[in-house]
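Enquirer: based on what follows, work out the 3D shape:
(one chain, ligands or ions: 2)
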Amino acid sequence: MAEVVLNQLLKSYGGVTAVRSIDLKIPDGAFAVLVGPSGCGKSTTLRMIAGLEDISGGTISIGGRVVNDLAPKDRDIAMVFQNYALYQHMTVYDNLAFGLRNRKESEAKIVEKIAHAASILSIEPLLQRRPKQLSGGQQQRVALGRCIVRHPQVFLFDEPLSNLDAKLRAQMRIELKRLRERVPATSVYVTHDQVEAMTLGDLVVIMKDGLVQQVGTPLDVYNRPENLFVAGFIGAPAMNVLKGTLDAAGERVNVEGFSMAVGEKNKAALRGYAGKQVMMGIRPEHMSLGSHGNEIDGSVDVIEQLGSEMHLEIRVGNAQLTVARVAPNAPIRLHEQVRVSVPAEQMHFFDVDTQKAIRLVH
Ligand SMILES: Nc1ncnc2c1ncn2[C@@H]1O[C@H](COP(=O)(O)OP(=O)(O)OP(=O)(O)O)[C@@H](O)[C@H]1O
Ligand SMILES: [Mg+2]
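Expert: Ligands and ions are numbered 1, 2, ... in the order given. Sure, this is the predicted structure:
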């Protein structure tokens, strides 16, 4: 295991800057997930750590050693790709043995390491098959096995589950969590799926346009998003965001014809914004039907029945709000007027210009 440190990491391809300036410290043994929309520089960052891409500026250290100029094979990393990258003409066993034979390990040691990895991944019955005789999930397990047998200091994953269907993806997510217990290693995992980021990461790194927006634990980034981008990206359904104006006393925010108390804590944070415009954010799961807390009246535009719960789209003036976690049997009809409430302490506020969260610094 080893700490991975990125220092002012930069990558440009001619005129295109893929990664602007990334500073990131991944502690020894931690599982860090880089998440963000397509094109934000996740794979480029990972490939630079792997040594598959030259860096245009900054440094990368693994285990206290700057690896900028080291070849991939000398970095003590193992990488799992989206497309598995298995050798099609070899059996699973030979796929697993390939890297070890290249390193001139003894056949006895290879047999032992493969037996260990195969048992962790439950692929013992598949060892004599070729990749095309395996399902997607099985191929993905073999790709993981190839990394495990190498005992690297650092695991790198680039969207390893994105070729799998939703059900298998959920299963493999759980297997990856189990695997972490049995094969601890510092890991960097790239995905654009925020559920994977939240469930797998000790550390979630949210990226946009080649820059890190926030680094934190899953609960940090959910409860205390540092800006509007993170607020909108983490959480499903996405946070409702509305523009409002704070009253002169800084106690209430007026939005689309309704007015909400901001609560004591937010009032303290919003000092200085009295009479000004702010962006207000409310998570769909923090709103509930009925009158308790701040109330909003609106008409039901869309009902999404999920079985375990309903999601509602509610029209309030010109604004549209999503309400989640409504009981699946709630007596709600389309186009009817409903009242929803949100506790003031669940409301988030952001600066209109900087888009940064407005909150008290602890
Ligand atoms: N070889 C290349 N030449 C030129 N531009 C590139 C090259 N590789 C990537 N880019 C650009 O760099 C930016 C970041 O790409 P990257 O592949 O890192 O994004 P990503 O976050 O992994 O996206 P995705 O989720 O779609 O995989 C993009 O704008 C991309 O077009
Ligand atoms: Mg990518």
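Enquirer: contact residues of the stretch 51-200 of the chain facing ligand 1?
Expert: Residues of the stretch 51-200 of the chain found near ligand 1 (Cβ under 6 Å from any ligand atom) are H192. C-beta: built from backbone N, CA, C; applies to glycine.
Enquirer: ok, the residue of the stretch 51-200 of the chain found nearest ligand 1 to V205 distance?
Expert: Distance from ligand 1 to each residue of the stretch 51-200 of the chain (Cβ to the nearest ligand atom) is smallest for H192, at 4.7 Å. For H192, the distance to V205 equals 13 Å [Cβ to Cβ, to the nearest Å].
Enquirer: and these two? Which one has more around it.
Expert: Counted by other Cβ atoms under 10 Å, H192 and V205 do not tie: V205 has more neighbours, with 26 against 18.
Enquirer: just give me the neighbour total for the residue in the stretch 251-362 of the chain that ligand 1 sits nearest to.
Expert: Ligand 1 sits closest to Q355 of the stretch 251-362 of the chain, with a gap of 20.6 Å, by Cβ to the nearest ligand atom. By the measure other Cβ under 10 Å, the count of residues near Q355 is 14.
Enquirer: V111: neighbouring residues, count only.
Expert: If we define neighbours as other Cβ under 10 Å, then V111 has 13 of them.
Enquirer: for it, what are its contacts?
Expert: By Cβ atoms under 8 Å, 6 or more residues apart in numbering, the contact set of V111 is empty.
Enquirer: same question, the one 10 residues further on
Expert: Contacts for L121 (Cβ under 8 Å, 6+ apart) come out as R141, V142, L144, G145, I148, E175, L179.
Enquirer: going along the chain, name the strands of the stretch 1-150 of the chain.
Expert: 4-13, 16-26, 31-35, 57-62, 65-66, 77-80 (DSSP state E, counting those that start in this stretch).
Enquirer: for these, give me CSV that also has mean pLDDT and distance to G244.
Expert: Below are the strands of the stretch 1-150 of the chain laid out as CSV (pLDDT from 0 to 100; distance: least, Cβ to Cβ, whole Å):
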stretch, mean pLDDT, distance to G244
strand 4-13, 96, 38
strand 16-26, 95, 32
strand 31-35, 97, 29
strand 57-62, 96, 40
strand 65-66, 95, 49
strand 77-80, 90, 45
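Enquirer: got JSON lines for those, with mean neighbour count and distance to A261 too?
Expert: What follows is the strands of the stretch 1-150 of the chain, written out as JSON lines (neighbours: other Cβ atoms under 10 Å; distance: least, Cβ to Cβ, whole Å):
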{"stretch": "strand 4-13", "mean neighbour count": "18", "distance to A261": "43"}
{"stretch": "strand 16-26", "mean neighbour count": "18", "distance to A261": "39"}
{"stretch": "strand 31-35", "mean neighbour count": "25", "distance to A261": "34"}
{"stretch": "strand 57-62", "mean neighbour count": "17", "distance to A261": "47"}
{"stretch": "strand 65-66", "mean neighbour count": "12", "distance to A261": "53"}
{"stretch": "strand 77-80", "mean neighbour count": "24", "distance to A261": "50"}
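Enquirer: bridging residues for A319?
Expert: Assessed by DSSP bridges, A319 has beta-bridge partners V316.
Enquirer: ok, back up a step: does the residue of the stretch 251-362 of the chain closest to ligand 1 touch N227 like I think?
Expert: Yes. Judged on Cβ atoms under 8 Å, Q355 makes contact with N227 at a distance of 5.0 Å.
Enquirer: which neighbours do the two have in common?
Expert: Counting by Cβ under 8 Å, 6+ apart, Q355 and N227 have no common neighbour.
Enquirer: compute the inter-axis angle for the helix or strand of the chain with the lowest mean pLDDT and strand 31-35.
Expert: When the helices and strands of the chain are compared on mean pLDDT, DSSP states H and E, helix 166-182 comes out lowest with a mean of 86. Interaxial angle of helix 166-182 relative to strand 31-35 (axes from the mean of the first three to the mean of the last three Cα atoms, to 10 degrees): 150 degrees.
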